[in-house]
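Colleague: Structural data only, the sequence is not supplied:
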């Protein structure tokens, strides 16, 4: 058994606190599973700070800490709380270097999750902050990816938003892009949909289709590697992007960039454009392998 | 505690207030003449709060972190911010105090530990609280009576009290939220509110003696809030007057302090006019 991602996050956090004398802020940190086992069992004297249950103020307090150069980590336990928690981060911390030449570096760990937890706590909510200048957004789902993002942060003066997903915490595997040769379709999944996209790819290939996959980790700034562009241009039917946020958010923003660079069809499959309820019958979940397969086949058929 | 020499203290505060007043008068002219075309928030009439607090901090040899908001020219100048750089900032120049990016609202100065404001009224309460918590440095947070109503300001007060942070909250109470009076907005006052959070609180006029007596003993030893009643001379933003006759602390102090203050007033006015003309 390899190391679970939760262990890697815990180790990174521990080192960050001890080596950099930094601080971790959030609500309900010191207990209730220690943020799904991703937080070392430390307290205020060690730099793990319980914020008051005042979501808007909390983001401001962390911004103040970052302004003092402490490079804090801010844990947002449900990404839907970005609406409250990130107001001062995106409007102050992210702009501080541009306006005042005072960097305000911090990591935000925004945790997404799904399944009968309603319209706010459920799914990813990156789109609300995506448009703001000065923020860097990543969505690592594996150990190596997370370590790479953290290494970048240590050399950076920027605000890093790490979009996590509870389902990834037990992950021990790494993902690999596969774009060799001429593909029928290339999948470009984000966040938790990467797990389902891998399954979908395998099934589609067993059915004789040539399906590539490009795992998206660096969401902002978003750059398309040359070999990706080449592979997409070569493909028969273009790209299918998947995510656990709404279609009318970063999915379409990124899709537009890909279309501009490749002039190929790019389809998106995220959350339905409707509010989630709490019962599973009325939930709004990210696409699973079967939905991805169905959509992929319809795209390929349409372009024949 | 400050070894309080009333006359000297009052004159020192007056010097700072005089710089603020004449600076704002010069800005007023340029806003009226459309030489400055973006929203400008003039602090004339309200200069006595920052001028007095800056003088107290100076005499105590404390250089606090300063978090102001939109009506901040007097904060900047009272604490010793570079006046030429502020003039250049208001003229949109790259060598302004905020590199031509700050306008009137978002000015800052690393030299005096004054941090810029983003435009959300009262955001500086949370950000200043976090800065104080993580640095343990004495901190002054200036907000208005309207910003005090922001929920996140209340949450900051609560946490400051819990963590016993060395913060002075200064509520510059001019009674207005743009043009809506306090009595139309709430039925509580700042002092009662702060006391509910177990914060030492004072509700006073902007007389320097009052301010000194209220904050001198426990300044930066524990959390404190001082609600200072002031009178805004000019509009919320831009060049205009809400009413012709308002009580003017600056003029009252000038009269009370006599010839020395008269001289300071005349000399400062001349000096600031020249600085505006030259830069």
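Modeller: Alright, I've got the coordinates. A quick note: this is a predicted structure, and the numbers were derived from the prediction, not measured.

Colleague: Helices of the stretch 51-200 of chain B, start to end?
Modeller: Using DSSP state H, counting those that start in this stretch, the helices assigned to the stretch 51-200 of chain B run over residues B:73-78, B:83-90, B:123-135, B:151-163, B:190-196.

Colleague: same deal with the stretch 201-304 of chain A?
Modeller: Under DSSP H, counting those that start in this stretch, the stretch 201-304 of chain A gives helices at A:226-234, A:252-262, A:289-302.

Colleague: Out of the ones you listed, flag the one nearest residue A:117.
Modeller: Across the helices of the stretch 201-304 of chain A, residue A:117 has its closest neighbour in helix A:289-302 (20.0 Å, Cβ to Cβ). Any C-beta I mention is one placed from the backbone N, CA and C, and that applies to glycine too.

Colleague: Can you give the contact residues for that closest one?
Modeller: Residues from elsewhere that reach helix A:289-302 (Cβ atoms under 8 Å, 6 or more residues apart in numbering or on different chains): A:184-185, A:187, A:193, A:196-197, A:199-200, A:203-204, A:209, A:211, A:236-238, A:240, A:242, A:265, A:267, A:269, A:287.

Colleague: residue contacts, residue A:43?
Modeller: residue A:30.

Colleague: Chain B versus that one, what's the distance?
Modeller: To chain B, residue A:43 is 14 Å away according to Cβ to the nearest Cβ, to the nearest Å.

Colleague: Where does the stretch 101-250 of chain A get nearest to chain B, which residue?
Modeller: The nearest approach of the stretch 101-250 of chain A to chain B comes at residue A:101, 6.8 Å away (Cβ to the nearest Cβ).

Colleague: Could you tell me how many residues sit around the closest residue to that residue other than its chain neighbours?
Modeller: Computed as Cβ to Cβ, 6 or more residues apart in numbering or on different chains, the closest residue to residue A:101 that is not its neighbour in sequence is residue B:99, at 6.8 Å. Counted with other Cβ atoms under 10 Å in any protein chain shown, the neighbours of residue B:99 add up to 17.

Colleague: for chain B, what are the nearby residues on the stretch 101-250 of chain A?
Modeller: A:101, A:102 (Cβ under 8 Å from any Cβ of the partner chain).

Colleague: And the strands in the stretch 101-250 of chain A?
Modeller: Along the stretch 101-250 of chain A, counting by DSSP state E, counting those that start in this stretch, strands occupy A:106-112, A:135-138, A:159-165, A:185-189, A:211-213, A:218-220, A:239-246.

Colleague: These: which one's closest to residue B:222?
Modeller: strand A:106-112 (28.2 Å).

Colleague: Please name the strands paired to the closest one in the sheet, noting orientation.
Modeller: Note on strand A:106-112: by DSSP bridges, its sheet partners are strand A:73-76 (parallel), strand A:159-165 (parallel).

Colleague: what's the angle from that strand to strand A:239-246?
Modeller: Angle between the axes of strand A:106-112 and strand A:239-246 is 90 degrees (criterion: axes from the mean of the first three to the mean of the last three Cα atoms, to 10 degrees).

Colleague: Mean confidence (pLDDT) on strand A:106-112, please.
Modeller: Averaged over strand A:106-112, pLDDT sits at 98.

Colleague: returning to what we had before: tell me, how many residues neighbour the residue of the stretch 101-250 of chain A closest to chain B?
Modeller: 12.

Colleague: Give me the residue ranges of chain A where confidence is low.
Modeller: Regions of chain A meeting the criterion pLDDT under 70 are absent.

Colleague: Domain ranges for it, per the record?
Modeller: Following automatic domain parsing, chain A resolves into domains at A:5-170, A:185-302.

Colleague: who's residue B:205 bridged to?
Modeller: residue B:229.

Colleague: Looks like it contacts residue B:229 (just checking).
Modeller: Yes - the criterion here is Cβ atoms under 8 Å, and residue B:205 meets it with residue B:229 at 5.2 Å.

Colleague: more crowded one of those two?
Modeller: Taking other Cβ under 10 Å, residue B:205 and residue B:229 do not tie; residue B:229 has more neighbours (19 against 15).

Colleague: residues contacting that one?
Modeller: So, once contact is read as Cβ under 8 Å, 6+ apart, residue B:229 ends up touching B:173, B:175, B:203, B:204, B:205, B:206.

Colleague: Mind doing that once more with 7 Å?
Modeller: Residues near residue B:229 by Cβ atoms under 7 Å, 6 or more residues apart in numbering or on different chains: B:173, B:205, B:206.

Colleague: Same question for residue A:25.
Modeller: A:49, A:51, A:58, A:61, A:62, A:65, A:72, A:74.

Colleague: Next: residue A:194.
Modeller: Contacts of residue A:194 (Cβ under 7 Å, 6+ apart): A:141, A:175, A:215.

Colleague: Most neighbours among those residues, which one?
Modeller: residue A:141 (26 neighbours).

Colleague: my guess is that one meets residue A:172, correct?
Modeller: No - in this structure, residue A:141 is not within contact of residue A:172 by Cβ atoms under 7 Å, at 11.3 Å.

Colleague: What helices and strands are in contact with the helix ranked longest in chain A?
Modeller: Taking DSSP state H as the criterion, chain A has its longest helix at helix A:5-20. When contacts are defined as 3 or more Cβ pairs under 7 Å, 6 or more residues apart in numbering or on different chains; DSSP states H and E, helix A:5-20 sits against helix A:32-37, helix A:143-154.

Colleague: Now the ones you listed in TSV, please, with extra columns for mean neighbour count.
Modeller: Below are the helices and strands packed on helix A:5-20 laid out as TSV (neighbours: other Cβ atoms under 10 Å in any protein chain shown):
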stretch	mean neighbour count
helix A:32-37	15
helix A:143-154	17
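
Colleague: In TSV: these, plus distance to residue B:276.
Modeller: Shown next, in TSV, are the helices and strands packed on helix A:5-20 (distance: least, Cβ to Cβ, whole Å):
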stretch	distance to residue B:276
helix A:32-37	55
helix A:143-154	45
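
Colleague: between those helices, which one is nearest to residue B:76?
Modeller: Nearest of these to residue B:76, taken as Cβ to Cβ: helix A:143-154 at 33.1 Å.

Colleague: And that closest one, what does it pack against?
Modeller: helix A:5-20, strand A:159-165.
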